[in-house]
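>>> Based on what follows, work out the 3D shape:
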Amino acid sequence: MLNVNGLILVGQSQDFFIERVTLVLRVHVVRDNERGAKLLVNIVTKKTLRDFWQIHPEAEAVLMIWYKVTKKAAWKNLAETKADFHHADIVGICTIFNIVGNKYRLITKIYYPGKKVSIRFVLTHAEYNKKGYKDDCEC
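Have a look, this model is predicted:
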């Protein structure tokens, strides 16, 4: 899990809007005494996740864990993402997370330089197998 103890918010928040996205992200600059300035991803809305867990309530706890860890992440690359979520995989330009084992899939686009995460889809395994997300992921 991601350890964010000792981080202190410094400065103003800035909103970022991603083209064709259902998420608005707020990035905060924080200061860590040992590592200097660092950007953290803050997911402002979790509507896509909430909509999904209202239909599939067994996914709520796992999606909330994903949300909380991602919100506090400072990932610079896939290796750092995999340190928090070892099952994260790249498909085209998307990063895909297994939810509730392999029962559901969370399809995201992660823009590491800008510390932005866009939730594209949350799918059941059957929906995922239809590969409707592939155009969005450019694969």
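>>> all contacts plus neighbour counts: C-alpha atoms, from now on.
OK.
>>> So, low pLDDT: which residues of this protein?
1-45 (pLDDT under 70).
>>> Tell me where it has strands.
In the chain, the segments counted as strands under DSSP state E are 8-9, 14-17, 24-32, 36-43, 89-91, 94-99, 104-111, 116-124.
>>> Please enumerate residues in contact with the fifth one?
Outside of strand 89-91, the residues within contact range by Cα atoms under 8 Å, 6 or more residues apart in numbering are T95, I96, F97, C137, C139.
>>> Count the residues that sit near K116.
Here the number of neighbours of K116 (other Cα atoms under 10 Å) works out to 25.
>>> what sits against the closest residue to it other than its chain neighbours?
Taking Cα to Cα, 6 or more residues apart in numbering, and ignoring the residues beside it in sequence, K116 has I110 as its nearest neighbour in space, at 5.8 Å. Neighbour list for I110: C94, T95, K116, V117, S118 [criterion: Cα under 8 Å, 6+ apart].
>>> Could you single out the nearest of those residues to A74?
Nearest to A74 among the contacts of I110: K116, at 10.0 Å, using Cα to Cα.
>>> If the closest one is in a bridge, with which residues?
With DSSP bridges applied, K116 shows beta-bridge pairing to Y111.
>>> who's in contact with G92?
Applying Cα under 8 Å, 6+ apart, the residues contacting G92 are K134, C137, E138, C139.
>>> Out of those residues, which end up buried?
Buried residues within the contacts of G92, counting neighbours by 16 or more other Cα atoms under 10 Å: C137.
>>> Need the contacts of G92 in CSV (columns: distance to V69).
Compiled in CSV, the contacts of G92 are given as follows (distance: Cα to Cα, whole Å):
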residue, distance to V69
K134, 26
C137, 23
E138, 26
C139, 27
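>>> Which one of the contacts of G92 is nearest to A74?
Using Cα to Cα, the contacts of G92 come closest to A74 at C137, 22.6 Å.
>>> so how far is D89 from N77?
12 Å (Cα to Cα, to the nearest Å).
>>> how big is the angle separating the longest helix seen in the chain from strand 104-111?
Of all the segments of type helix in the chain, defined by DSSP state H, the longest one is helix 60-71. Helix 60-71 and strand 104-111 meet at an angle of 10 degrees, taking axes from the mean of the first three to the mean of the last three Cα atoms, to 10 degrees as the criterion.
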